[in-house]
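Student: from the sequence below, what's the structure:
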Amino acid sequence: MSPLRRSLMLLLLLGVSSTMAATDLEHVVWNKTPIKVTLPVGEERRIDFPVPVKLEVPAALAQASKPIQIREDGSVYWTANKAFKADRVKAITFTGYSYFLDVEARKGGLTHPLVILDERVPGVEDEKAQLRQRRSYDYDDVDLARYAAQNVYAPMRLIKPLPGVTRMPVPDRDYPLYRGKDLTVEPLAQWRSPTMPSRYVTALRVTSQSLTETVFDPRQLRGDWLSAAAQHPVIHPAGSDGDTTTWYLVSAHPFEETCP
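Tutor: Residues are numbered from 1 along each chain as shown. Alright, predicted model coming up:
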């Protein structure tokens, strides 16, 4: 786990949950850093490049996938037949640009289309306008954690809206995210911030299975999280009042790509 920029201990007294429509697209800006792509095993995922590309795919990834379909408009349709670890894929454009993807496949991986934006590509005015709009937002990790907490606990009338923040799907299973304690950690919801660079905040229900109390320590979290917040700083032993709480984790990538 990389060092947390800050540990946010938000003790919020809020009410019931609300819902938002899930986003249909995820936008990633090319900044010379390889783009993480997670494929869902057995389901097709679309990757949209700003210009037509050809792919250089390692043999192991190609053998673990159905034939990859590449359209003339730059869209790539990729279905993994089985899980595989991340490997580097190079996308070469006919304009001389190249992109690097770190592609992996796992069960329950992301299914929504991934759109890659590149300011170097001429004539993409709509995408450039979208980039300028995303840069105009100024949400920090505290804003995102507070927004997630309100969506989990507060009545809808009390939720302070954050324009541009959209809800994303998360898998319905337990993740071993915390070292040294027997905790059940289950994602409740995830939101994507329109800020540049991208930020994601995930709300997780945490239930103790331990006979001793757990004091929240973000250094014990597995995964590459930018910041972490706890609804309550202490989780009481299993079966007692206060044995369940909510954590809010902020990351640079979607939850499924950030957790171990």
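
Student: averaged pLDDT, stretch 144-162. What do you get?
Tutor: Confidence for stretch 144-162, expressed as mean pLDDT, is 87.

Student: next: stretch 62-72.
Tutor: The pLDDT scores in stretch 62-72 average 93.

Student: and it, how far from the chain's centre?
Tutor: Centroid separation for stretch 62-72 versus its chain: 24 Å, with CA atoms, centre = their mean, to the nearest Å.

Student: quick one: end-to-end distance for it.
Tutor: One end of stretch 62-72 sits 20 Å from the other (CA to CA, to the nearest Å).

Student: swap in stretch 73-83?
Tutor: Distance between the two ends of stretch 73-83: 28 Å, counting by CA to CA.

Student: then stretch 214-228?
Tutor: End-to-end distance for stretch 214-228, by CA to CA: 16 Å.

Student: helix or strand with the lowest mean pLDDT in the chain?
Tutor: Every helix and strand of the chain was ranked by mean pLDDT, DSSP states H and E. The lowest is strand 6-8, at a mean of 42.

Student: C-terminal to that one, what's the next element?
Tutor: Sequence order places strand 26-29 as the next helix or strand after strand 6-8, per DSSP states H and E.

Student: tell me the first helix or strand C-terminal of that following strand.
Tutor: Trace forward from strand 26-29 with DSSP H and E and the next one is strand 35-40.

Student: for that next one, which outside residues touch it?
Tutor: 28, 45, 47, 65, 78-80, 86, 89, 99-111, 114, 116, 253-254, 256-257 (CB atoms under 8 Å, 6 or more residues apart in numbering). The way it works is simple: take the backbone N, C-alpha and C, and place the C-beta from them, glycine included.

Student: pairing partners for that strand, with directions?
Tutor: The pairing partners recorded for strand 35-40 under DSSP bridges are strand 98-106 (parallel).

Student: which elements pack onto the helix or strand following the partner strand?
Tutor: Next helix or strand after strand 98-106 toward the C-terminus (DSSP H and E): strand 114-117. Where contact means 3 or more CB pairs under 8 Å, 6 or more residues apart in numbering; DSSP states H and E, strand 114-117 is packed against strand 26-29, strand 35-40, strand 44-48, helix 125-135.
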